[in-house]
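Colleague: give me the fold of what follows.
(2 chains)
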There are 2 protein chains.
Amino acid sequence: MQKYLITGFSGFVSRHFLDLLESFGNPVSILGVDVRIPEFSTSQYIHVKCHFEKTDLLDRAALERTTGMFRPDFVLHLASFSSVAYSWKNPVACFANNTNIFLNLLESIRVHSLPCRILSVGSSEEYGSISEKDLPLREDSPVNPLSPYAVARVSQEMLSKVYIKGYELDIVMTRSFNHIGPGQKEIFVVPSFAKQLAAIHRSGQSHGVLTTGDTGVIRDFVDVRDVVKAYHILLQRGVKGEIYNICSGQGVTLEEVILRMAKMLSLHIDLKVDPALLRLVDNHTVVGSCEKIQNTVGWRPLIPMDQSLADILEFWKKSEGSSDV
Amino acid sequence: MQKYLITGFSGFVSRHFLDLLESFGNPVSILGVDVRIPEFSTSQYIHVKCHFEKTDLLDRAALERTTGMFRPDFVLHLASFSSVAYSWKNPVACFANNTNIFLNLLESIRVHSLPCRILSVGSSEEYGSISEKDLPLREDSPVNPLSPYAVARVSQEMLSKVYIKGYELDIVMTRSFNHIGPGQKEIFVVPSFAKQLAAIHRSGQSHGVLTTGDTGVIRDFVDVRDVVKAYHILLQRGVKGEIYNICSGQGVTLEEVILRMAKMLSLHIDLKVDPALLRLVDNHTVVGSCEKIQNTVGWRPLIPMDQSLADILEFWKKSEGSSDV
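Modeller: The predicted structure follows:
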């Protein structure tokens, strides 16, 4: 039975990855680690056997014990403080909870000489300062990180390369673009909009005001259910040492995202900019090319954006009033 | 009176920097911080007033208190676990004691809105994997770090850029090539050779065997007394946000370094390779261009290598038998 170690187990990507594994119908053993207890149940799975250990990845000794005992075949490293805004507020914690935890993870695998494959999840934020001529972003485009979070992700990638060359660890890397989907926390932009829209809808009003940052920026959104398929295929067939963009290849303004969701709810929405939501430094357009992953391992995104947005709204209509998920 | 905060105060570069400041004859106030107590005295200085505080830069709260109280005009950030070999043995500690301490330093300056200039010392190791066509290395050459230490240094540089753009901190960066000079610890290659040669010389023998790694590699050595002049001039006149190579521009094999020192002591030396001293991953040739710093702020190295080597041998002839300095 194949064994997966999943870090950041309690996050929404992990949950969708478990759903995917379950859908394959083969028995797999999962050890989930996270500093937070998961708020979802895994008892509904038949093929996916989950065990959870509350673990702070900054506790290297604990992590070493865990990896040494479990001896995973695959490591899906999802753990991350992945908010750019948060990284400006607390750069030290952001850096530690991206780069230092990753280094601890690599060391915990190296010291036990585990022959596992590791998926190191990175971010489109690594590209940072982009000129129009570099669009769409390709894996060989230059990286110019613009936030503490982005620096942490580039550092993670550089550490991967050092461990591949120096210690022959089997690591495949991604640069994952903005992912969206049901279950994502509202500290991220699309669920933040969806939650506000769902609240207006629930109140019975047909007009409302949405508080936003700069909605003119263009981003490349990819559904989390497509993302986890990419992660699975890269764990199985990605090339060691290679970096893969995971993106839709399509750019859309945040304003368009809001208007599409408002239309689904038959709402008329005015946008109000909150200066506190504007980023210190930001790029106008972030759109990737998914040619490489498509041509080499055959992945491409399948879920249209309108389906993603409808599912996200559905999630927030149900979640409204409950605790943050 | 100008105030300098010097991190890594107890190291040999700091000591030479103090000598330089003293030579200018102007009163300056120094706060030195280091996790180790300095083994040198500062009582001989007339113009340089030194105060030392034992501080672990990983202790952010302590560092914040220190910078807030002292309010430096200049920060010379020398603190670093700067051994590549050590970084392979203990990547986690190496990374923390390069990147994380630097981030703590930046935060301790940012939170107090101190208008000081910071010199972020980096390393030629950042260039990493080099093709012959990239030689001599220029500041716009690509960086491909090959060791945990090198990744930590590139991360430090990326964090500098983020803090310059995002928080308008006044940071100038260096990529310092191998520096040599009296007082350097024997964990580095040239003092390690010098110590062994001085021991053979002291024993009265005219022949000896030196234990080495790969002595065919070519490096660019620059005397620490020239390096500290570069640091001083960059603190005064370097351009915010710019990176400067600090190097001699001359390549020399380690074998030639050994033979030159052996000749000074009239010794005949055989070389014995210790596989434990070979690096996991290394570059054959690392030679920099110092054109940028020469053309923009007028620094160039003045001390010929033979003088450096003679002074280093003199240091080890005196230090032999005493505790490691």
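Colleague: which parts of stretch A:269-278 are buried?
Modeller: Along stretch A:269-278, these residues count as buried under the neighbour rule (16 or more other C-beta atoms under 10 Å in any protein chain shown): A:Ile269. Where you see a C-beta, it was placed from the backbone N, CA and C, and this is true even at glycine.
Colleague: I misspoke; the intended subject was stretch A:109-124.
Modeller: With burial defined by 16+ other C-beta under 10 Å, the residues of stretch A:109-124 counted as buried are A:Ile109, A:Arg110, A:Leu114, A:Cys116, A:Arg117, A:Ile118, A:Leu119, A:Ser120, A:Val121, A:Gly122, A:Ser123, A:Ser124.
Colleague: what ranges do the strands span in chain A?
Modeller: Applying DSSP state E to chain A gives strands spanning A:2-7, A:28-34, A:48-54, A:74-77, A:117-123, A:170-176, A:179-180, A:207-212, A:218-219, A:222-223, A:243-246, A:252-253, A:268-273.
Colleague: neighbours around the residue lying closest to A:Arg117 once chain neighbours are set aside, how many?
Modeller: Nearest-residue entry for A:Arg117: A:Asp170, 4.7 Å, with adjacent residues in sequence omitted and distances by C-beta to C-beta, 6 or more residues apart in numbering or on different chains. By other C-beta atoms under 10 Å in any protein chain shown, 17 other residues sit near A:Asp170.
Colleague: you'd agree A:Asp170 is up against A:Val239?
Modeller: No - taking contacts as C-beta atoms under 8 Å, A:Asp170 lies outside contact range of A:Val239: 10.4 Å.
Colleague: ok, which stretches of chain A are helices?
Modeller: Under the criterion DSSP state H, chain A contains helices at A:12-24, A:60-70, A:84-89, A:91-95, A:101-110, A:148-167, A:189-202, A:224-237, A:254-264, A:291-297, A:305-319.
Colleague: a markdown table please, covering the ones you listed and showing mean pLDDT and distance to chain B.
Modeller: Compiled in a markdown table, the helices of chain A are given as follows (pLDDT from 0 to 100; distance: least, C-beta to the nearest C-beta, whole Å):
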| stretch | mean pLDDT | distance to chain B |
| --- | --- | --- |
| helix A:12-24 | 97 | 25 |
| helix A:60-70 | 97 | 6 |
| helix A:84-89 | 89 | 7 |
| helix A:91-95 | 93 | 6 |
| helix A:101-110 | 98 | 6 |
| helix A:148-167 | 97 | 4 |
| helix A:189-202 | 94 | 19 |
| helix A:224-237 | 98 | 22 |
| helix A:254-264 | 96 | 21 |
| helix A:291-297 | 98 | 20 |
| helix A:305-319 | 94 | 30 |
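Colleague: tell me which of those helices sits nearest to B:Asp134.
Modeller: With C-beta to C-beta as the measure, helix A:148-167 is the member of the helices of chain A nearest B:Asp134 (17.6 Å).
Colleague: alpha carbons only: can I get the closest one in CSV?
Modeller: Presented in CSV, the C-alpha positions along helix A:148-167 are these (Å, rounded to 0.1, in the frame of the first residue of the first chain):
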residue,chain,number,x,y,z
PRO,A,148,8.7,38.2,2.3
TYR,A,149,6.4,35.3,1.3
ALA,A,150,7.7,35.3,-2.2
VAL,A,151,11.3,35.3,-1.0
ALA,A,152,10.5,32.4,1.3
ARG,A,153,9.2,30.4,-1.7
VAL,A,154,12.2,31.1,-3.9
SER,A,155,14.4,30.1,-1.0
GLN,A,156,12.5,26.8,-0.7
GLU,A,157,13.1,26.2,-4.4
MET,A,158,16.8,26.9,-4.1
LEU,A,159,17.0,24.6,-1.1
SER,A,160,15.3,21.9,-3.2
LYS,A,161,17.9,22.2,-5.9
VAL,A,162,20.8,22.1,-3.4
TYR,A,163,19.3,18.9,-1.8
ILE,A,164,18.8,17.3,-5.2
LYS,A,165,22.4,17.9,-6.3
GLY,A,166,24.1,17.6,-2.9
TYR,A,167,22.1,14.7,-1.3
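Colleague: contacts only, for the residue nearest to A:Arg117.
Modeller: When contacts are counted by C-beta atoms under 8 Å, 6 or more residues apart in numbering or on different chains, A:Asp170 is found next to A:Pro115, A:Cys116, A:Arg117, A:Ile118, A:Ile164, A:Lys240.
Colleague: neighbours of the fifth one, how many?
Modeller: Think A:Ile164. A count of nearby residues for A:Ile164, using other C-beta under 10 Å, gives 19.
Colleague: any idea how far it lies from A:Glu157?
Modeller: Using C-beta to C-beta, to the nearest Å, one gets 11 Å for the distance from A:Ile164 to A:Glu157.
Colleague: and the first one, by the same measure?
Modeller: From A:Pro115 across to A:Glu157, the span is 22 Å (C-beta to C-beta).
Colleague: beta partners for A:Leu76?
Modeller: Applying DSSP bridges to A:Leu76 gives these bridge partners: A:Ile6, A:Leu119.
Colleague: for it, what are its contacts?
Modeller: Contacts were defined as C-beta under 8 Å, 6+ apart; by that measure A:Leu76 touches A:Tyr4, A:Leu5, A:Ile6, A:Thr7, A:Ser14, A:Phe17, A:Leu119, A:Val121, A:Tyr231, A:Leu235.
Colleague: can you list those in a markdown table and add distance to B:Thr67?
Modeller: Output for the contacts of A:Leu76, formatted as a markdown table (distance: C-beta to C-beta, whole Å):
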| residue | distance to B:Thr67 |
| --- | --- |
| A:Tyr4 | 45 |
| A:Leu5 | 40 |
| A:Ile6 | 40 |
| A:Thr7 | 34 |
| A:Ser14 | 40 |
| A:Phe17 | 44 |
| A:Leu119 | 40 |
| A:Val121 | 35 |
| A:Tyr231 | 42 |
| A:Leu235 | 45 |
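Colleague: now, among those, which is nearest to B:Asp73?
Modeller: Among the contacts of A:Leu76, and counting by C-beta to C-beta, the member closest to B:Asp73 is A:Val121, at 42.4 Å.
Colleague: which residues touch the closest one?
Modeller: Residues touching A:Val121, when contacts are defined by C-beta under 8 Å, 6+ apart, comprise A:Leu76, A:His77, A:Leu78, A:Ser80, A:Thr174, A:Ser176, A:Tyr231.
Colleague: which residue, other than its chain neighbours, is closest to the second one?
Modeller: Right, A:His77. Ranked by C-beta to C-beta, 6+ apart and with sequence neighbours excluded, the top spatial neighbour of A:His77 is A:Thr7, at 5.0 Å.
Colleague: hmm, A:Leu57 and that neighbour touching each other?
Modeller: Yes - under the contact definition of C-beta under 8 Å, A:Thr7 touches A:Leu57, with a separation of 6.2 Å.
Colleague: between these two, which contacts overlap?
Modeller: Counting by C-beta under 8 Å, 6+ apart, the contacts common to A:Thr7 and A:Leu57 are A:Val33, A:Ala79, A:Ile101, A:Leu105.
Colleague: redo these as TSV? Include neighbour count.
Modeller: Formatted as TSV, the shared contacts of A:Thr7 and A:Leu57 follow (neighbours: other C-beta atoms under 10 Å in any protein chain shown):
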residue	neighbour count
A:Val33	24
A:Ala79	25
A:Ile101	25
A:Leu105	25
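Colleague: restrict stretch A:63-74 to CA atoms and write it as CSV.
Modeller: The C-alpha atoms that make up stretch A:63-74 are tabulated as CSV, following Å, rounded to 0.1, in the frame of the first residue of the first chain:
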residue,chain,number,x,y,z
LEU,A,63,9.3,15.7,12.5
GLU,A,64,12.4,13.4,12.3
ARG,A,65,10.7,10.9,14.5
THR,A,66,7.5,11.0,12.5
THR,A,67,9.2,10.6,9.1
GLY,A,68,11.5,7.8,10.4
MET,A,69,8.5,5.9,11.8
PHE,A,70,6.2,6.3,8.8
ARG,A,71,8.7,6.0,6.0
PRO,A,72,6.5,7.6,3.3
ASP,A,73,6.7,6.8,-0.4
PHE,A,74,5.4,10.2,-1.2
